[in-house]
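Visitor: sequence? don't have it. structure:
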């Protein structure tokens, strides 16, 4: 498992309290999202999770192809 959703069982319906994500597959939670009234109000990330996210962002910039040149105007 790498994604957990915690619901408020005291309320009727599916009310999400918290979402937890293991970003690097090591079995430990790296990213927590806290909800109020169906909206994210806070996010926390572990040091390992932040390192993983930073590495993913750097890799995406290296792998991404450059933006194509704009098409010439139609005349």
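Guide: Done, it's in. Owing to the predicted nature of the structure, the values given are computational and were not obtained by experimental measurement.

Visitor: buried residues, stretch 19-34. List them.
Guide: Neighbour counts over stretch 19-34 (16 or more other CB atoms under 10 Å) mark 19-20, 22-24, 29-33 as buried. Bear in mind the C-beta positions are built from the backbone N, C-alpha and C, glycine included.

Visitor: distance check, residue 8 against residue 14.
Guide: To residue 14, residue 8 is 9 Å away according to CB to CB, to the nearest Å.

Visitor: looking at those two, which has the bigger crowd around it?
Guide: The neighbour count for residue 8 versus residue 14, taken as other CB atoms under 10 Å, is higher for residue 8 (13 against 9).

Visitor: verify the contact between the more buried one and residue 17 for me.
Guide: Yes - taking contacts as CB atoms under 8 Å, residue 8 lies within contact range of residue 17: 5.0 Å.

Visitor: what lies in contact with the lowest-mean-pLDDT helix or strand in the chain?
Guide: Within the chain, confidence by mean pLDDT, DSSP states H and E is lowest for helix 47-63 among all helices and strands, at a mean of 82. Contacts of helix 47-63 with the rest of the structure, by CB atoms under 8 Å, 6 or more residues apart in numbering, involve 23-24, 26, 28, 30-31, 45.

Visitor: which members of these are the farthest-apart pair?
Guide: 26 and 45 (14.3 Å; CB to CB).

Visitor: which of the contacts of helix 47-63 sits closest to residue 39?
Guide: residue 31 (16.8 Å).

Visitor: cool, thanks, signing off.
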